[in-house]
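Chemist: Whatever this is, show me its structure:
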Amino acid sequence: MTVSLIRWRLREVMARYSIKAVDLAKEMGISTNSVSNLRKGNTMPRLDGDSLNSLCNALNKLALDLDEEITPVTLIQYSRDFEPVDESKVLKTEISTKRGQKEIGSSLKKDSQTRSLLPILPQSQSA
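Modeler: Sure, this is the predicted structure:
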């Protein structure tokens, strides 16, 4: 399964600030179909710097109840791609850890048994 690392959030931003596709298209001087295609994308579209700047400017102008400026960072969500986990290595680590805990536990039992065999030495009395 392919996981998208960069998610395009234009649809969410437009909904949050009550921006209509028709109004955005008019403000940017592009067709409503172009805005619709931009909005539908889940992955980041190929936009040059001028187009991205124009989009952000138009969104900022049209946004209702704007609490913070809309920037390219607002339009993008990044999630880190983690390397796949090798299950056999995880299992080996768990087994060796459990063995180590058993060995430590058994040595502690032996140690406590040895301590109980030691004579109790009288405490020196201070004068």
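Chemist: Now do the SS call for Leu66.
Modeler: Following DSSP: H, G, I helix; E, B strand; the rest coil, the label given to Leu66 is coil.
Chemist: Number of residues surrounding it?
Modeler: 13 (other C-beta atoms under 10 Å). For every residue, glycine as well, the C-beta is placed using N, CA and C.
Chemist: contacting residues around it?
Modeler: 17, 60 (C-beta atoms under 8 Å, 6 or more residues apart in numbering).
Chemist: mind checking how far it is from Leu52?
Modeler: Leu66 is 18 Å from Leu52, where distance means C-beta to C-beta, to the nearest Å.
Chemist: Same question for Asp67.
Modeler: From Asp67 to Leu52 the distance is 21 Å (C-beta to C-beta).
Chemist: Of the two, give the one with the bigger neighbour count.
Modeler: Leu52 (16 against 7).
Chemist: got the contact list for that one?
Modeler: Leu52 sits in contact with Pro72, where contact means C-beta under 8 Å, 6+ apart.
Chemist: for this protein, which spans come out with low pLDDT?
Modeler: The chain contains residues with pLDDT under 70 at 1-4, 42-44, 81-127.
Chemist: So for the strand or helix carrying Arg39, what gets flagged as buried?
Modeler: Using DSSP states H and E, Arg39 sits within helix 32-40. Applying a neighbour-count criterion of 16 or more other C-beta atoms under 10 Å, one finds 35, 38-39 buried in helix 32-40.
Chemist: Over to stretch 12-32 now: how far is its first residue from its last?
Modeler: Counting by C-alpha to C-alpha, to the nearest Å, you get 17 Å between the two ends of stretch 12-32.
Chemist: quick one on the thing from earlier: tell me the one of the buried residues of helix 32-40 nearest Tyr78?
Modeler: Leu38 (18.5 Å; C-beta to C-beta).
Chemist: wait, that closest one sits on Leu10?
Modeler: Yes: with contact defined as C-beta atoms under 8 Å, Leu38 reaches Leu10; the gap is 5.7 Å.
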